[in-house]
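Colleague: Sequence plus the predicted model coming up.
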Amino acid sequence: MIYNGNGITIVLFGIYNSSIITTRPEFVPIYGFFILCEIVGFLFSFSIELIVVKIAFTCQTFHKNLLNAFGVFVAQHILSQAGRLVLMCYQFGVFKITGNLLLDLPLLIFSTYRVYLYVGAITFLSSLIIERFMATIYIKDYEKAFRKIHQSNSKSLASLLAHYELNQYSLSARFQLKENVRSMKVIEKIFYIHCAFCLFATALFTIPHVLYEESGEERELGIAALEAIQGM
């Protein structure tokens, strides 16, 4: 959605012009299904996801860094869902878009946060993989020492693979290494599903923008589909 306020044009995310979609009768059932998906997503976020956050911060099955990162990400998704509710109030005319940047500040804040969540969803698993990779390379002092990520290089990994002897590490280090391997196996399976999901969501958003005119019904329906998937 394009926002014009105080002479400034801003592209808003997490909101679209639903009135344009409903001008095409054949799109109304599809649009209704997307709204239903969002409602289900809201119910899930404000119930099951809250429980997931609590479990993530208290569970000891995986490493605390992995669980904390997952818990924070899910909590951010819940906050984004609350923001989407606010954006829907603007979308359906409950709150009026005035064109004044100060008065429309909630609209701009939650739309910007929605973009942040999109980026976070794409980079989240990659960040976890890097974190566990670093924990494996620097197993002896990873939890105690601070180092910049560029200090890790291909030579470090090659050395680990060439000279890896589990018995040379302490009991706690051996446990940590096994845990890292187990975590990476879990992340690997999720990573492939995540990549497929990101490609599908990207196609839903980009294809209508490439094929159809600006502010057309197809474009707005594509954004509605993206929001429905993101909410789920």
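Modeller: Noted; the coordinates are in hand.

Colleague: So which bits of stretch 100-119 are buried?
Modeller: Buried residues in stretch 100-119, counted by 16 or more other Cβ atoms under 10 Å: 104, 107, 110-111, 113-114, 117-118. Using the backbone N, CA and C atoms, a C-beta is placed for each residue, glycine as well.

Colleague: closest to Pro29 among those?
Modeller: Arg114 (25.7 Å; Cβ to Cβ).

Colleague: Double-check the closest one against Leu85; I have them as touching.
Modeller: No: using Cβ atoms under 8 Å, Arg114 makes no contact with Leu85, being 11.7 Å away.

Colleague: Show the pLDDT at Ser111.
Modeller: Note on Ser111: pLDDT of 89.

Colleague: Kindly apply the preceding question to Met134 instead.
Modeller: On the pLDDT scale, Met134 is placed at 69.

Colleague: Surely Asn4 is in a strand?
Modeller: Yes: the assignment for Asn4 is a strand, going by DSSP: H, G, I helix; E, B strand; the rest coil.

Colleague: Quick one, grab the pLDDT at Phe92.
Modeller: The score at Phe92 is 90. That number is its pLDDT.

Colleague: so how many other residues sit close to the closest residue to it other than its chain neighbours?
Modeller: Once flanking residues are discounted, Phe92 sits nearest to Ser18: 6.9 Å by Cβ to Cβ, 6 or more residues apart in numbering. Number of residues near Ser18 (other Cβ atoms under 10 Å) recorded here: 18.

Colleague: how near is Leu36 to Ile109?
Modeller: Distance, Leu36 to Ile109, using Cβ to Cβ, to the nearest Å: 27 Å.

Colleague: my bad, should have said Lys96
Modeller: Using Cβ to Cβ, Lys96 is found at 17 Å from Ile109.

Colleague: Mind exporting the C-alpha coordinates of stretch 100-113 to PDB?
Modeller: In PDB, the C-alpha atoms belonging to stretch 100-113 read as follows (Å, rounded to 0.1, in the frame of the first residue of the first chain):
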ATOM      1  CA  ASN A 100      -0.500  13.300   8.900                       C
ATOM      2  CA  LEU A 101       2.700  11.500   9.900                       C
ATOM      3  CA  LEU A 102       2.300  12.200  13.600                       C
ATOM      4  CA  LEU A 103      -1.300  11.100  13.700                       C
ATOM      5  CA  ASP A 104      -0.600   8.100  11.600                       C
ATOM      6  CA  LEU A 105       2.400   7.100  13.600                       C
ATOM      7  CA  PRO A 106       1.000   3.700  14.800                       C
ATOM      8  CA  LEU A 107       0.300   2.800  11.200                       C
ATOM      9  CA  LEU A 108       3.900   3.600  10.200                       C
ATOM     10  CA  ILE A 109       5.500   1.900  13.200                       C
ATOM     11  CA  PHE A 110       3.600  -1.400  12.900                       C
ATOM     12  CA  SER A 111       4.100  -1.500   9.100                       C
ATOM     13  CA  THR A 112       7.800  -1.000   9.600                       C
ATOM     14  CA  TYR A 113       7.900  -3.700  12.200                       C
END
